[in-house]
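Participant: here's a sequence, model it:
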Amino acid sequence: MIDGKRVAVVIPCYRVRQHILGVIAAIGDGVDAILVVDDACPERSGDLVAAECRDPRVEVLRHAENAGVGGAVMTGYLRALAEGVDIVVKIDGDGQMDPALIPSFVGPLASGRADYTKGNRFFWLDGLAEMPHLRLFGNAVLSFIAKLATGYWHLMDPTNGYTAIHRTALAALPLHRIDRRYFFESDILFRLYTIRAVALDVPMRARYGTETSSLSLRRAALSFPLKYANRFAKRFFYAYVLRDFNAGSAATILGSLLVLAGGGFGATKWIASYASGVAASTGSVMLAAIPLLLGGHLLISAFNFDIGNAPTRPLQSPDA
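Facilitator: Numbers count the residues shown, from 1 in each chain. Predicted coordinates for the structure are as follows:
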């Protein structure tokens, strides 16, 4: 146990044969169960663990077909719920995540301050030099997009897979609907927001060695934007239309309509002016500019409202 809570660690395994035994060996005594999920690993990582690991806490779960990292994590989550643990930590099997940090991820959940914790590799500035430049830039851009899509404006590093979740939040999530591939970290944040779970960042340093990533940057660049747009639209509908209609709802809708009207009118007049060679009148310019300015101001107000609307009361609280 850690801080009086039963803790399980889920480790999805795919092409991690070189690192997995070392990761397991580094997990401290406070962890009650270690769930190794062999996601049809071509290197047979699960067989290696079953044959070589003597830790009695370890259980190997196997997929007959590759389900993706998200699918592997969901298998581990379901098993952890069945075993009745209080907190489930997820780490990767490639050695990038230091198991010594597990108590830091468990602490806010055990004390009742949060329902979900995740790593943030951007907190320690001196450690960013170790992160590949392309990954650093990509994560910085994704962090802003993820804030908009998920509603957790105070979180950074959305693709960080070092996480911990309290069983109260885990049991409330629709695990069968969470993305099965590499988008699952962002998707689970969206799902957590819909149930109003409190999420916190845990500072950690980036660690990179000889491991290789199975994530295709090209595939992520093509699929992630559409998925983020989908989650943003759903979050707005759930939070600002279906469950509540508030100042943020009105500001977003009215602001968007004004920007579209002003922009559309201005574009029409510009095209007509360009085609005729006659400059648009002052009145036409004002009719385009005023809705754009008012709409932009309303959208900024909507952003401020959304930033202040993040969940603050943990689901595990007695009065939640």
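Participant: got the residue ranges for the strands in the protein?
Facilitator: For the chain, the strands defined by DSSP state E cover 7-13, 33-38, 58-62, 87-90, 116-120, 163-166, 199-203.
Participant: domains in the chain, by residue range?
Facilitator: For the chain, whose domains are defined here by automatic domain parsing, the residue ranges read 7-215, 245-307.
Participant: which residue sits closest to residue 53, ignoring its sequence neighbours?
Facilitator: Using C-beta to C-beta, 6 or more residues apart in numbering and skipping the chain neighbours, the partner closest in space to residue 53 is residue 24 (5.8 Å). For every residue, glycine as well, the C-beta is placed using N, CA and C.
Participant: switch the strands of the chain over to a markdown table; also include mean pLDDT, distance to residue 235 and mean neighbour count.
Facilitator: Shown next, in a markdown table, are the strands of the chain (pLDDT from 0 to 100; distance: least, C-beta to C-beta, whole Å; neighbours: other C-beta atoms under 10 Å):
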| stretch | mean pLDDT | distance to residue 235 | mean neighbour count |
| --- | --- | --- | --- |
| strand 7-13 | 97 | 26 | 28 |
| strand 33-38 | 98 | 29 | 26 |
| strand 58-62 | 97 | 32 | 17 |
| strand 87-90 | 98 | 23 | 28 |
| strand 116-120 | 96 | 16 | 25 |
| strand 163-166 | 98 | 19 | 26 |
| strand 199-203 | 96 | 14 | 20 |
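Participant: need these in TSV (columns: distance to residue 300).
Facilitator: Shown next, in TSV, are these (distance: least, C-beta to C-beta, whole Å):
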stretch	distance to residue 300
strand 7-13	40
strand 33-38	44
strand 58-62	48
strand 87-90	36
strand 116-120	26
strand 163-166	32
strand 199-203	25
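Participant: out of these, which comes closest to residue 99?
Facilitator: Set against residue 99 and scored by C-beta to C-beta, these come closest in strand 7-13, at 7.7 Å.
Participant: which residues touch that closest one?
Facilitator: Outside strand 7-13, the residues that touch it by C-beta atoms under 8 Å, 6 or more residues apart in numbering are 1, 20, 23-24, 27, 30-39, 41, 45-46, 49, 69, 72-73, 76-77, 80, 83, 85-93, 99, 102, 106.
Participant: repeat for stretch 266-279
Facilitator: 280, 284-285, 288-289, 292.
Participant: again, only using 6 Å
Facilitator: Under the contact criterion C-beta atoms under 6 Å, 6 or more residues apart in numbering, stretch 266-279 has outside partners 280, 284, 288.
Participant: and if you look at stretch 125-145?
Facilitator: With C-beta under 6 Å, 6+ apart, stretch 125-145 has contacts from 156-158, 205-206, 208, 228.
Participant: and residue 264, how far from residue 36?
Facilitator: According to C-beta to C-beta, to the nearest Å, residue 264 stands 56 Å off from residue 36.
Participant: make that residue 13, sorry
Facilitator: 6 Å.
Participant: cool, residue 176 as well?
Facilitator: 22 Å.
Participant: and if you look at residue 298?
Facilitator: In terms of C-beta to C-beta, residue 298 sits 51 Å off from residue 36.
Participant: which stretches of the stretch 1-150 of the chain form helices?
Facilitator: In the stretch 1-150 of the chain, the helices defined using DSSP state H, counting those that start in this stretch lie at 20-25, 45-52, 68-83, 102-110, 133-150.
Participant: kindly reformat those as TSV containing mean neighbour count and distance to residue 165.
Facilitator: Listed next are those as TSV, based on neighbours: other C-beta atoms under 10 Å; distance: least, C-beta to C-beta, whole Å:
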stretch	mean neighbour count	distance to residue 165
helix 20-25	18	19
helix 45-52	17	23
helix 68-83	21	8
helix 102-110	22	7
helix 133-150	16	15
